[in-house]
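Visitor: quick one, what's the 3D model for this:
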Amino acid sequence: MTKKVLVIGGCGRIGKSVARDIATHTEAEITITSRNPESQVEPPFKFLVLDLSDPEQILKAIAPMDLVVHCAGPFHHRDGKVLESCISLGINYIDVSDHRSFYERVIKHQNSAIAKGVTAVLNTGIFPGISNSMVKQGVEQFDRPEKIHLSYVVGGSGGAGLTVMRTTFLGLKNKFSAWIDGKWQEISPYSEREVIEFPKPYGKTGVYWFDMPETYTFADSFPVETVITKFGSIPDWYNHLTWITAHVFPKSWVNTPKGIEFFARVSYLMTKATDPFSGIGVAMRAEITGEKAGKRETYCTTMVHQNTAIAAGAGTGAVAELMLAGKLKKPGIYPVEQALSTEMFLDTMKSRKIEIINH
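Guide: Prediction:
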């Protein structure tokens, strides 16, 4: 019997990439949702208007499905009702959630998911997503891993839309806790610039502290003393503008919905102008330090892709492929690094021609 997949928010840049990847690698029947009734989708996809503020609509939409893939961010503002509905109906779930606050809101349903036999995998995509599995691969090389340093850089818009821009500026609003030297410490967003050597064509570029779900979940997933997550943009002057937004402009400018929307739209227009020159790709670098056979060593992996949105689609689509095939079944709610094995991760990346390079 043909499996049915619902891609919520499938008309956005990331959602479209996810739907296309699932269509390429599975035989599933895919329905894409949007709150806009005028949205259009191309075959082989079906279309459904869905208002996520209406619980009855959510239940009706997901009831006939085998898998729900939630791509409608920003997840700072999502209440977890889609996941709750999936658990109540016994339907597996994946999302591209990108903030610790969402994880904290939904993890309370862990026991219910286990009781219902529902596998729910959070934080899939590219960062978080592929980044998490790169770190897991590195951690597994050690007898005693000590430090995770994850950094990534995006060219221009990364091929993403306004939702991702909003997420970036929402991440500048507040200080956040990071796991450093075995304890939680407060960090200012977009601080402590560090120049990292990324693979070509990016080379050396600046990255800054940024609050990602990995900052929070890695401390629970892996027995390490320090977790560092840093982000940067190309061209580098975007980094300086973002730093000014975080540290110079009045806090009120990024603490209101109107302020976030203003910065997101201005940034989006700027990247549309620079994308032809900067590209829309992504590079990631995961460096793990620890002890192996009594010696202190460092293990590093890198990954590059020319289109960030397509890479995000691959990260989420890979998890969907495995779940639909019955290869990934782990009842409960987990960040992707706790659900996906390194072997399955590498196999699905290879089939998508995404190379994870070990250094």
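Visitor: ok, now how distant is His149 from Ile196?
Guide: 9 Å (Cβ to Cβ, to the nearest Å). All C-beta atoms are positioned from the backbone trio N, CA, C, and that covers glycine.
Visitor: now do the shared contacts for these two.
Guide: Contact criterion Cβ atoms under 8 Å, 6 or more residues apart in numbering; residues shared by His149 and Ile196: Lys230.
Visitor: could you look up the SS state of the spatially most central residue of the chain?
Guide: Centroid check for the chain by Cα atoms, centre = their mean gives Pro128 as the closest residue, at 3.1 Å. Of the three states, Pro128 takes helix under DSSP: H, G, I helix; E, B strand; the rest coil.
Visitor: which residue, neighbours along the chain excluded, lies closest to it?
Guide: What sits nearest to Pro128 in space, not counting adjacent residues and going by Cβ to Cβ, 6 or more residues apart in numbering, is Pro213, at 4.9 Å.
Visitor: domain assignment for this protein?
Guide: 4-124+309-358, 127-308 (automatic domain parsing).
Visitor: lowest average confidence across those domains, which one?
Guide: Lowest mean pLDDT of these: domain 127-308, a mean of 90.
Visitor: report the distance from that one to the chain centre.
Guide: Using Cα atoms, centre = their mean, to the nearest Å, the mean C-alpha position of domain 127-308 is found 11 Å from that of the whole chain.
Visitor: ok, stretch 101-121 next?
Guide: Worked out by Cα atoms, centre = their mean, stretch 101-121 lies 18 Å from the chain centre.
Visitor: could you pull out the strands for the stretch 101-250 of the chain?
Guide: Taking DSSP state E, counting those that start in this stretch as the criterion, the stretch 101-250 of the chain contains strands spanning 119-122, 144-155, 176-180, 183-187, 194-197, 204-209, 226-234.
Visitor: related to what we said a few turns ago, surely the residue nearest to the centre of the chain and Phe210 touch.
Guide: No - using Cβ atoms under 8 Å, Pro128 is not in contact with Phe210, being 11.5 Å away.
Visitor: who's in contact with Ala318?
Guide: Asp21, His25, Phe345, Thr348, Met349, Arg352.
Visitor: quick one: contacts for the last one?
Guide: Residues in contact with Arg352 (Cβ under 8 Å, 6+ apart) are Asp21, His25, Ala314, Gly317, Ala318.
Visitor: tell me if the first one really is in a helix.
Guide: Read that as Asp21. Yes - under three-state DSSP, Asp21 falls within a helix.
Visitor: for the residue lying closest to it once chain neighbours are set aside, give its distance to Thr31.
Guide: Once flanking residues are discounted, Asp21 sits nearest to Gly317: 2.8 Å by Cβ to Cβ, 6+ apart. Gly317 sits 15 Å away from Thr31, going by Cβ to Cβ.
Visitor: and the residue nearest to Asp21, what helix or strand is that in?
Guide: helix 308-324 (DSSP states H and E).
Visitor: roughly how far is that helix from the heart of the chain?
Guide: With Cα atoms, centre = their mean, you get 11 Å for helix 308-324.
Visitor: show me what the next helix-or-strand element following that helix is packed against.
Guide: Following helix 308-324 in sequence order, the next helix or strand is strand 332-335 (DSSP H and E). On a contact count with 3 or more Cβ pairs under 8 Å, 6 or more residues apart in numbering; DSSP states H and E, strand 332-335 meets helix 110-116, strand 119-122, helix 213-221.
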